[in-house]
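> quick one: sequence plus predicted model below, questions after.
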Amino acid sequence: MFAISWLLRAAHVLAGAAWVGGSIMYLVVIVPALRLAGPAPKVSAAIAAQFKRLTNICIFVLLLTGGYLVFDRLTQTTLGWPYLVTLALKIAAALAMFALAFYMGQSGVRKLAKRSTRFSQFAPKLMVVLGVLVFVLGALLNLLFELTIAPK
């Protein structure tokens, strides 16, 4: 059972790292490079399609592994309010990321982004901020869990 939990935890972290790291790469490197290089609609479309595919795979893995990991942790031991509140915040931030990814993945939204709506321009930055927040909350959850099960 330990091996399954470990593998699912590793898959969860890798999917999160791929999505958040990819979002940072997209925001900080790819978009500015495409702007400097000038119009390249085929390249831009190909990058967007591949990143959307990666994001969808990551969301699927995160939902699947996250559900298992929540169940696994909540059935192992008695956890205090700090753990439960942190877990609720992490889940809320992750769900906000999923909703934002769905919103940004709509073709109409991508066309609006070219028209420079405020939210469409802010959405990728918000995605990165939420991703970093989810990682920080995940680290805090591990710390709280370790403090709960550590011998006193």
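Looks like it arrived, so ask away.
> I'd like the distance between the closest residue in space to residue 52 that isn't next to it in sequence and residue 56.
Leaving out its chain neighbours, the residue that sits closest to residue 52 by CB to CB, 6 or more residues apart in numbering is residue 105, at 5.3 Å. In short, each C-beta sits where N, CA and C put it, glycine included. Between residue 105 and residue 56 the computed distance is 8 Å (CB to CB, to the nearest Å).
> by mean pLDDT, point me to the weakest helix or strand of the chain.
The least trusted helix or strand in the chain, going by mean pLDDT, DSSP states H and E, turns out to be helix 107-114, with a mean of 55.
> quick check: what element follows that one along the chain?
For helix 107-114, the succeeding helix or strand toward the C-terminus, using DSSP states H and E, is helix 118-149.
> mind listing what's buried in that next one?
Residues of helix 118-149 classed as buried: 120, 123-124, 127-128, 130-131, 133-135, 137-138, 140-141, 144-145 (neighbour count, 16 or more other CB atoms under 10 Å).
> longest helix in this structure, please.
helix 41-76 (DSSP state H).
> I'd like the average pLDDT over it.
For helix 41-76, mean pLDDT is 91.
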